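Peer 1: 3D, please:
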Amino acid sequence: MRFIVCFILGVLLTNCQPDNPELTGHIGRPDISPDGRKITFIYAKDASEDVWEIYTADLNGKNVKQLTYFTEARIKKSPIWSKNGKKIAFHADINDGAQIFVIDADGENLTQLTNLPGYNVEPHWSPDGSEIVFNSIPKKGKVKMLIMNKDGSNSRELHNPDGNNWYPRKTNQNLIIFTSDLNQDDYYDIFVMNPDGSNIQQLTFIKAINWFPEYSPDETKIVFHSNQDDPQLNDSGDYNLYIMNADGTGIRQITNLSGQELHAKWHPSGEKLIFEWHNEQPMGLHTLNLSNGEIEKIKLTTD
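Peer 2: Model (predicted):
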């Protein structure tokens, strides 16, 4: 074990500083590996100036490792593990737009998957790992949902209702869950449909921004974040996490921290969530135990 030695007023102290300092700065967009042992996330010491890079760590916060180093893409976001845990997909701002990349979980073999106009963001693997659904944001027009093979080939549009359609996820039942403002009024609700656009069902009916729906491992529950309790209903206001049944019933609030609780992901056991929290300052990554409501910070420590 490494010891730090220092003198204060002539007194010898050991361990006067922590062996492994905690990672501080802007930390977000977490995802959990399929075996539940690792996390991936984005990090920048100073969000306004520094380059956002992709990192991994153990679920307990130890063994932090930086995966990406390409500074020509200042912003990198939405890292997500492949279903076999061997790769991580993410999007990066590059060449006056954004494209989707994939990298091995050990940081090797960085590969650009898309080369499409506009901003191509928010990748999400299909349940069998053979495809990736994502968003495409044109310079003019509405946000669309697309799908491609895992190697980036055969990119094509999913059915897109008449709205801005965000955060597509493909389920084991071959459904697409997404968030859309297709009912206008600047509100976003959660919908589910067949990939061809048939049988669209609205799951939430809340005058708010209801974003980032994620199915539980058994696909019986959906977690999402919403600003429905913020009287201002603006994107910079308060957001909390909510859970509902897969059919949209039984909505209940599960966090009530000050600021924003965002981008929740399920542990493979279905027993807890990981999420990011922002108050006036970034508060880092946290876990939520669903059985007792206990929230615990993940202390990310560097070597």
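
Peer 1: only C-alpha atoms for contact and neighbour calcs from this point on.
Peer 2: Noted.

Peer 1: now the strands for the stretch 51-200 of the chain?
Peer 2: Per DSSP state E, counting those that start in this stretch, the stretch 51-200 of the chain has strands spanning 53-58, 65-66, 76-81, 87-93, 98-104, 111-112, 119-125, 131-137, 144-149, 156-157, 165-170, 176-180, 189-193. These are given in chain order.

Peer 1: Give me the contacts around stretch 217-237.
Peer 2: Outside stretch 217-237, the residues that touch it by Cα atoms under 8 Å, 6 or more residues apart in numbering are 171, 206-216, 238-246, 259-266, 268-270.

Peer 1: Could you give the number of residues near Ser48?
Peer 2: For Ser48, the count of nearby residues is 9 (other Cα atoms under 10 Å).

Peer 1: secondary structure class for it?
Peer 2: coil (DSSP: H, G, I helix; E, B strand; the rest coil).

Peer 1: where's it relative to His267, distance?
Peer 2: Note on Ser48: its distance to His267, by Cα to Cα, to the nearest Å, is 31 Å.

Peer 1: hmm, back to that, just the buried ones from the contacts of stretch 217-237?
Peer 2: The neighbour-count test (16 or more other Cα atoms under 10 Å) marks 171, 208-216, 238-246, 259-266, 268, 270 as buried among the contacts of stretch 217-237.

Peer 1: any weak-confidence spans in the stretch 151-300 of the chain?
Peer 2: Applying pLDDT under 70 to the stretch 151-300 of the chain flags the ranges 231, 233-235.

Peer 1: Could you report the neighbour count for Gly152?
Peer 2: 18.

Peer 1: Now for it: which residues touch it?
Peer 2: Leu113, Thr114.

Peer 1: Likewise for Met145?
Peer 2: Val133, Phe134, Asn135, Ser136, Glu157, Leu158, His159, Asn160, Asn165, Trp166, Tyr167, Pro168.

Peer 1: Now do it against Ser216, distance only.
Peer 2: For Met145, the distance to Ser216 - Cα to Cα - is 22 Å.

Peer 1: One more: Ser78?
Peer 2: From Ser78 to Ser216 the distance is 18 Å (Cα to Cα).

Peer 1: now do Asp162
Peer 2: 28 Å.

Peer 1: want to throw the strands of the stretch 51-200 of the chain into CSV with distance to Ile200?
Peer 2: Output for these, formatted as CSV (distance: least, Cα to Cα, whole Å):
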stretch, distance to Ile200
strand 53-58, 35
strand 65-66, 41
strand 76-81, 26
strand 87-93, 28
strand 98-104, 27
strand 111-112, 32
strand 119-125, 20
strand 131-137, 18
strand 144-149, 15
strand 156-157, 17
strand 165-170, 13
strand 176-180, 9
strand 189-193, 4
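
Peer 1: Quick check: which of those strands is nearest to Asp35?
Peer 2: With distances scored as Cα to Cα, the stretch of the strands of the stretch 51-200 of the chain nearest to Asp35 is strand 76-81 (10.4 Å).

Peer 1: For Thr68, give its distance to Thr301.
Peer 2: For Thr68 relative to Thr301 (Cα to Cα), the value is 18 Å.

Peer 1: Those two: which is more packed in?
Peer 2: With neighbours defined as other Cα under 10 Å, Thr68 and Thr301 compare such that Thr301 has more, 20 against 16.

Peer 1: pretty sure that one contacts Asp58?
Peer 2: No - with contact defined as Cα atoms under 8 Å, Thr301 does not count as touching Asp58 (10.0 Å).

Peer 1: any common contacting residues for these two?
Peer 2: By Cα under 8 Å, 6+ apart, the residues touching both Thr301 and Asp58 are Val64.

Peer 1: before we move on, the earlier item: with the contacts of Met145 in mind, which one is nearest to Gly293?
Peer 2: For those, the nearest to Gly293 is Tyr167 (26.2 Å; Cα to Cα).

Peer 1: burial count for the closest one?
Peer 2: That count, for Tyr167 with other Cα under 10 Å as the rule, works out to 23.
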